[in-house]
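Enquirer: Fold the following and give me the result.
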Amino acid sequence: TELIRGYYRPVDKAFLADVHIDGLPLGLLDSALEGVASNNEGALSLDVEVASGDNGGMLLNGDVTINDLVTTVDFLGVRYSLPKATLALTDSRGRVRNARLVDPEGNSGALELEVDLTDMQNLRYDVRLLPTDMLVLNTEHTYDADFYGRIYASGAVIVDGDNLGTNIDIVATTSDNSNFYLPLSGSNEFAAADFVTFVTPQPQVDTTDQLTRRKERYRQTVNSNSGSRKESNISMTLNVLPNLDFHLLIDPSTENELRASGNAALNLNINPSRDIFTMYGDYQISEGTLTLNLEDLIVREFSIQSGSTIDWSGSPLDATLDIDAAYRLKTSLA
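Expert: A predicted model of the protein is given here:
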């Protein structure tokens, strides 16, 4: 149902109207949230007063009710739902409090939302989510994926921005049933004889050049998917616990993989439009395995010793591994 009553005075272009609308599709927000959230479903109900403001603008006062919102946060790959929330507007600025956002498995987090509609051509928003064991990353493996996985976490997620760009700040601690995959580019060569000796390797791959190419592919993928030229900056501070199953794919084309659990404090910053992807922190391994495939002739699984570490100091593709691992077997003294 729609009901609009009011007046318009052409002399000074002043207007005032009471607007009552039920069932306005939330899909209309897709263009305003382009590059941030997509495939918005649900409906809006408006009970607001619309009045002329300064410089030809307008002021909104009243309530906007959000019903059955379902949206996908593009960077995280998670589809969330918001059963109901009320946005109370005062002079085109509004806030949602005490709402709860729900992930596909029914886990929830407290949600607060602030919007600024004073400039209808440039929607400004500030979203604050406090997840409790929620699904916060759900991305699939692709050929040029910088990372992917399925992570549950508790902490805080802050998303703020406008039509020019978006900032996403994530501070979180991992929860159970989480897994994270970090592929390293390039092939790896191992020498196999009566025994294998590992020494300090000579650089075989220009990882800087590889990183540049992968970041460019990532930027082009984001732009082609969203059609947006907005700038996005994502900052993540992750407190990693042993409940995270971490996979370092040494060579994604083979079975060479490091799989571990442990503790880490990691900081990631990603800005596709500026070709920025950095990663800092130390991963202290408590247990794990190192699988090495030697030209498909010999496959060995080594047990990683506690105290081994992985260190990042910038490029995610240029990790420093300090690993002690053992391969045990029973054999004849002969």
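Enquirer: what secondary structure does G106 sit in?
Expert: coil (DSSP: H, G, I helix; E, B strand; the rest coil).
Enquirer: neighbours around it, how many?
Expert: For G106, the number of neighbouring residues by other Cβ atoms under 10 Å comes to 8. In this view, the C-beta of every residue, glycine as well, is placed from N, C-alpha and C.
Enquirer: Likewise for G149?
Expert: 20.
Enquirer: Please apply the same query to the one 3 residues further on.
Expert: Look at Y152: counted by other Cβ under 10 Å, it has 24 neighbours.
Enquirer: cool, and the one 10 residues further on?
Expert: Here the neighbour count serves as a burial measure; for D162 (other Cβ under 10 Å) it reads 15.
Enquirer: Can you check what pLDDT the model gives it?
Expert: With respect to pLDDT, D162 scores 83.
Enquirer: shift numbering so it begins at 19
Expert: All right, first residue 19 from here; so that's D180.
Enquirer: so it touches Y143, yeah?
Expert: Yes: look at D180 against Y143 with Cβ atoms under 8 Å: they come within range, at 7.4 Å.
Enquirer: Please identify the pairing partners of the helix or strand encompassing S172 and their relative orientation?
Expert: Assigned by DSSP states H and E, S172 belongs to strand 166-180. Looking at strand 166-180 with DSSP bridges, its partner strands are strand 142-149 (antiparallel), strand 152-157 (antiparallel), strand 183-192 (antiparallel), strand 196-201 (antiparallel).
Enquirer: for the helix or strand hosting R277, what is the average pLDDT?
Expert: Using DSSP H and E, R277 maps to strand 275-289. Throughout strand 275-289, pLDDT has a mean value of 91.
Enquirer: angle of it against strand 196-201?
Expert: 80 degrees (axes from the mean of the first three to the mean of the last three Cα atoms, to 10 degrees).
Enquirer: any idea which helix or strand comes after strand 275-289?
Expert: strand 294-312.
Enquirer: Extract the CA atoms of that next one and return them as CSV.
Expert: The C-alpha atoms that make up strand 294-312 are tabulated as CSV, following Å, rounded to 0.1, in the frame of the first residue of the first chain:
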residue,chain,number,x,y,z
ILE,A,294,48.0,-3.5,-2.0
PHE,A,295,47.9,-6.9,-0.3
THR,A,296,50.2,-7.2,2.8
MET,A,297,50.4,-9.7,5.6
TYR,A,298,52.3,-9.4,8.9
GLY,A,299,52.7,-11.7,11.9
ASP,A,300,54.2,-14.9,13.2
TYR,A,301,52.4,-18.3,13.3
GLN,A,302,53.6,-20.5,16.1
ILE,A,303,52.9,-24.1,15.1
SER,A,304,51.9,-26.5,17.9
GLU,A,305,51.3,-29.5,15.6
GLY,A,306,50.9,-30.3,12.0
THR,A,307,52.1,-32.2,8.9
LEU,A,308,54.2,-31.4,5.9
THR,A,309,53.4,-33.4,2.8
LEU,A,310,56.0,-33.5,0.0
ASN,A,311,55.4,-35.0,-3.4
LEU,A,312,58.7,-35.7,-5.2
